[in-house]
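In: Okay, here's the prediction I keep looking at, along with the sequence it came from:
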Amino acid sequence: MIALRLLNFFFITSTLEDEYEEDKRKKTYDVSLYKRGDLLEVSRTLFKHFGIYLGEGRVAHFIPDILPVFTNEKSMVEQMVTNKRLILGVLTKAASVRVDSLADFAYGDQIQVNKMDSVVSVEPLNGEEVARRAEKLIGSFSYSLLWHNCEHYVMYCRYGVAFSFQTFQFCKTLRTTLLSRKMAFLSAVIGVFIMLYLGALTLLTTLPIVVIPFTIWMAS
């Protein structure tokens, strides 16, 4: 009953969004531009989304989706994954490798083809082998925004190595931000204020206040 109510709420609040998404379905793509096994890339929300072209206007891609958590209704689940469904899927780590049309995959964006070939040192596999790998993995899987996402999926299919440049860049930026001298100084200042606020200190409260700034300083 609770799941049904949540599902109804989800669809009621998605009405306006669905009307907006309908415009994205109307964009057409020239299938002659793509070959079976091509790695396709589009911009979606705050990140790049990737898929493997299977031929005949079909794309296999690994995408988060909250809807299968609430229903097994095939006609509903097979509809284009909207941004709302995608974001909720990320939060719940619910996702699947599914096959969609070029229009549903691209979500109205321009499609880039095999852009990764220029930055990956590994030679891509044969197009047919890439497509077979992509098809073999169709189904539900656990999802992780950093460690198991759509980029890991396509990289494994095309190059045989599950890697995400987006994850690498995010972790690099996070490291630069957190493990900096400014952050070490800030954490030390906060630690002093905590010590003054607590008054009477014990080893358990003092140790983190000293260790955290020192660790950040040494790692910066």
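Out: Yep, it's here.
In: Asn149: what's it in contact with?
Out: For Asn149, the contacting residues are 62, 143, 164, 166-167, by C-beta atoms under 8 Å, 6 or more residues apart in numbering. Where C-beta positions appear, they are placed from N, C-alpha and C, glycine not excepted.
In: neighbours of Gly160, just the number please.
Out: Neighbours of Gly160 under the rule other C-beta atoms under 10 Å: 14.
In: Hmm, I typed the wrong one, I wanted Thr167.
Out: Neighbour count of Thr167, defined by other C-beta under 10 Å: 17.
In: hmm, back to that, among the contacts of Asn149, who's most crowded?
Out: The most crowded member of the contacts of Asn149 is Phe62, carrying 26 neighbours; neighbours defined as other C-beta under 10 Å.
In: how about that residue, secondary structure?
Out: strand (DSSP: H, G, I helix; E, B strand; the rest coil).
In: In the helix or strand hosting Arg85, which residues are buried?
Out: Here Arg85, judged by DSSP states H and E, is contained in helix 83-92. Using 16 or more other C-beta atoms under 10 Å as the test for burial, helix 83-92 gives 84-86, 88-90.
In: Redo those residues as TSV? Include distance to Ser187 and pLDDT.
Out: Formatted as TSV, those follow (distance: C-beta to C-beta, whole Å; pLDDT from 0 to 100):
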residue	distance to Ser187	pLDDT
Lys84	37	87
Arg85	39	90
Leu86	35	87
Leu88	34	90
Gly89	34	90
Val90	29	89
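In: JSON lines for these, including distance to Thr176?
Out: What follows is those, written out as JSON lines (distance: C-beta to C-beta, whole Å):
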{"residue": "Lys84", "distance to Thr176": "32"}
{"residue": "Arg85", "distance to Thr176": "33"}
{"residue": "Leu86", "distance to Thr176": "28"}
{"residue": "Leu88", "distance to Thr176": "30"}
{"residue": "Gly89", "distance to Thr176": "29"}
{"residue": "Val90", "distance to Thr176": "24"}
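In: Go through the residues you listed and say which is closest to Gly139.
Out: Checking the buried residues of helix 83-92 against Gly139 by C-beta to C-beta gives Gly89 as the nearest, at 14.9 Å.
In: if you skip the residues just before and after it, what's nearest to the closest one?
Out: Leaving aside its chain neighbours, Gly89 sits nearest to Pro64 (2.9 Å; criterion: C-beta to C-beta, 6 or more residues apart in numbering).
In: Walk me through the domains of the chain.
Out: The chain breaks down into these domains under automatic domain parsing: 2-171, 179-219.
In: Which strands or helices does the helix holding Arg85 pack on?
Out: strand 58-64 (3 or more C-beta pairs under 8 Å, 6 or more residues apart in numbering; DSSP states H and E).
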